[in-house]
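S.K.: Build me a structure from this.
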Amino acid sequence: MARECVNAAFFRRWILIVNAVSPSVQQASNDEIDLVALFQVLWAQKVLIVLITLLVGSMATAYAFLVTPEYQVQSVVRPAAIKDLDALNSTGVYTLTPEQALQRFGASLDSYGSRLEFFRANQGLFEALREPNRSLEQTFESFNQQAFKMLQPDAKKTDNLSAYVGIQLSYPQDVDGVALLNGLVGYVLQHERERIADDLAVMIENRLNQLDLKMAAARVSYEAKIEAKIANLKEADNLKRADLQDELKALRQQLKTHRDNRIAQLDEAIRIAKALGIVKPTTPSALGEVGREAQGNVIRTEVNNQQIPLYFMGGEALEAERAALRQRRSDDFTEPRIAQIAKELQLLANNRQIEVLNMRENADLFLTDLSIWREEAARLRSLEIDAANLKLVSVDQVAVEPLRPIKPKKALILGVGLVLGGMLGLFIALVRHMVRREPVPLV
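M.R.: Residues are numbered from 1 along each chain as shown. Prediction:
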C-alpha cells in the first residue's frame, strides 16, 4: 500500500514536471503524450537511473546495518489466588483482595518514583545509556519517557478473560533489557511487600496502643466506680445512722413523756385513794360492801366491762409504783424497738462491703472485658506474616531475550530506499532532459 502511494505520487509529480517544462510536447487537440517516446527518453538515460537507484539503495542498506538495533520485551502479571493472600487477610487487621493487590502493584509499577528508585539502586544496568554532559537522573528521565509503556486491558471491551497489568520496554542493543525489566518488576513487587509489611506493623502497633488505652481507661473507670460505690455506701450508712439516732432520740423522749405522764396519773390516784381510805387494792363492789356484816362464806364475782380507776389499786401500790418510776434512769428496756435500733447502729459501725472493696488488690480480675482485650493483644503480638514470601500477584509472563530487533526493519528500509532511489533517478533524468531541451515527440 505504501509503495503504491509512493508510485502514484511520483507519477503525478512527473506529469506536472513534463507539462510545466515541455509545453511543446502538448498536443493542441487532446494534450496526450507519446508514452513510447517518453520511455525512449528515459531508456536512453537508464544507466543514470540505475546508478542513482543503486546509490540510494546502498545508503538505505548502510543505514539499516549501521543503525543501533532496538529490541522490545514485556512482562505481564495477573491477580494472585485468594489462598495466597489468606494469611494476610486472616490477621483481621489488614484486608487485601487479589484485585486490590494487582491495582497497587500496577500503580507502583507505573510510578516514576518507583522506577527512579530502581534506577538509583541498579545504575549498572543503565551504564550503556550514559551521555556526556548529562546527569544520571537526566539520562533516566529521557529513557523513562521513551522506553516504558504500560499494558492494560481495554476498558471498553467486555470479553477480557481476566484483569492484568503489563509493562513493555524498548531498549537499544547495548542495554540488558531482559534483566532490567525483570529486575524492575521484582523490585516493585518487593517494594510493595515491604510497604504492606510496614503498613501491617503500624496497624498492629496502633491496634495494640488502642487496646492499651482501653485497658488503662477501664482500670481508671473501675477505680472511679469503686470509689463512687464506697462513697455511696458510706453516705447511705451515714444517712441510715442519722435516721436511727433521730428515731432513738424520739423514742426516748416519748418514753420519758410517758413516764412523766404516768407519775402524774399516780399522784392524782394516790390523792384519791387517800381521800377514800383505800390502802390496799380493791374493787368498786368491794368498796360498796364496807360496813355490812357478812353472813357465811360469800364468794363475789364482779363482771365489769369498764376500766377500773387507778386509785382502786390502793395507796400503797400506787406510791410504790410512783417511787419506782421516779428512781428509773432509763426507759430503754420498756421499748423493744430501742434494742433493735441499737443492733442496727452496731451493724453500721463496720460496713463489710466497703472493707471488701478496699481489700481488692488486683482490679484487673474484676474487669469483664479485660480478658478479651488481653487475648486480642496477645494474638496481635504473636502474628508473624512473612512479607518477603507474600505472593501479591501472579507473574504470567516474564521478560525473555527477544529473537530479533524491532528496529530497524532492514527489508522495509531497503525496499523504500530502492523505490525512492528509482523515483529520484527518474526525476533527475527528466530534469536532465529538460535542461538539454530535447523535445519529446508528440502523438
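S.K.: Residue 247: what's it in contact with?
M.R.: Contacts for residue 247 (Cβ atoms under 8 Å, 6 or more residues apart in numbering) come out as 337, 341. (Each C-beta comes from the backbone N, C-alpha and C, glycine too.)
S.K.: which residue ranges form the helices in the stretch 201-350 of the chain?
M.R.: Per DSSP state H, counting those that start in this stretch, the stretch 201-350 of the chain carries helices over the ranges 284-288, 315-327, 336-348.
S.K.: would you list these in a markdown table and tack on mean neighbour count?
M.R.: Below are the helices of the stretch 201-350 of the chain laid out as a markdown table (neighbours: other Cβ atoms under 10 Å):
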| stretch | mean neighbour count |
| --- | --- |
| helix 284-288 | 12 |
| helix 315-327 | 15 |
| helix 336-348 | 13 |
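S.K.: which one of the ones you listed lies closest to residue 267?
M.R.: Taking Cβ to Cβ, helix 315-327 is the member of the helices of the stretch 201-350 of the chain nearest to residue 267, at 6.8 Å.
S.K.: what's the burial count for residue 215?
M.R.: Residue 215 has 17 neighbours, counted by other Cβ atoms under 10 Å.
S.K.: Check the gap between the residue nearest to it when sequence neighbours are not counted and residue 364 for me.
M.R.: Counting by Cβ to Cβ, 6 or more residues apart in numbering, residue 373 is the residue found nearest to residue 215 once chain neighbours are left out, at 5.5 Å. Noted for residue 373: a distance of 10 Å to residue 364, by Cβ to Cβ, to the nearest Å.
S.K.: Compare the two (neighbour count), which wins?
M.R.: Higher neighbour count among residue 373 and residue 364: residue 373, with 16 against 12, using other Cβ under 10 Å.
S.K.: Test my guess that the more buried one contacts residue 208.
M.R.: No. Applying Cβ atoms under 8 Å as the test, residue 373 and residue 208 come out as separate, 10.2 Å apart.
S.K.: In contact with the residue nearest to residue 215, which residues are there?
M.R.: 211, 214-215, 218.
S.K.: Just want the phi and psi numbers for residue 75.
M.R.: phi -140, psi 140 (degrees, to the nearest 10).
S.K.: quick one, what contacts it?
M.R.: Per Cβ under 8 Å, 6+ apart, neighbours of residue 75: 166-167, 181-182, 185, 395, 397-399.
S.K.: go again using 7 Å as the cut-off
M.R.: Residue 75 is in contact with 166-167, 181-182, 185, 397-399, counting by Cβ atoms under 7 Å, 6 or more residues apart in numbering.
S.K.: ok so, going back, so which of the helices of the stretch 201-350 of the chain is nearest residue 263?
M.R.: helix 315-327 (5.1 Å).
S.K.: For the stretch 251-400 of the chain, which segments count as strands?
M.R.: Listed in chain order, the strands of the stretch 251-400 of the chain (DSSP state E, counting those that start in this stretch) span 393-397.
S.K.: before we move on, back to that, among the contacts of residue 75, which two are most distant?
M.R.: Farthest pair in these, by Cβ to Cβ: 166 and 182, 12.9 Å.
S.K.: Show me which residues of the host helix or strand of residue 40 are buried.
M.R.: If you go by DSSP states H and E, residue 40 is part of helix 35-44. Going by neighbour count (16 or more other Cβ atoms under 10 Å), the buried part of helix 35-44 is 38, 41-42.
S.K.: In the stretch 101-250 of the chain, where is pLDDT below threshold?
M.R.: Counting by pLDDT under 70, the stretch 101-250 of the chain shows low-confidence ranges at 155, 157-161.
S.K.: Report how many residues lie close to residue 403.
M.R.: So residue 403, with other Cβ under 10 Å, has 6 neighbours.
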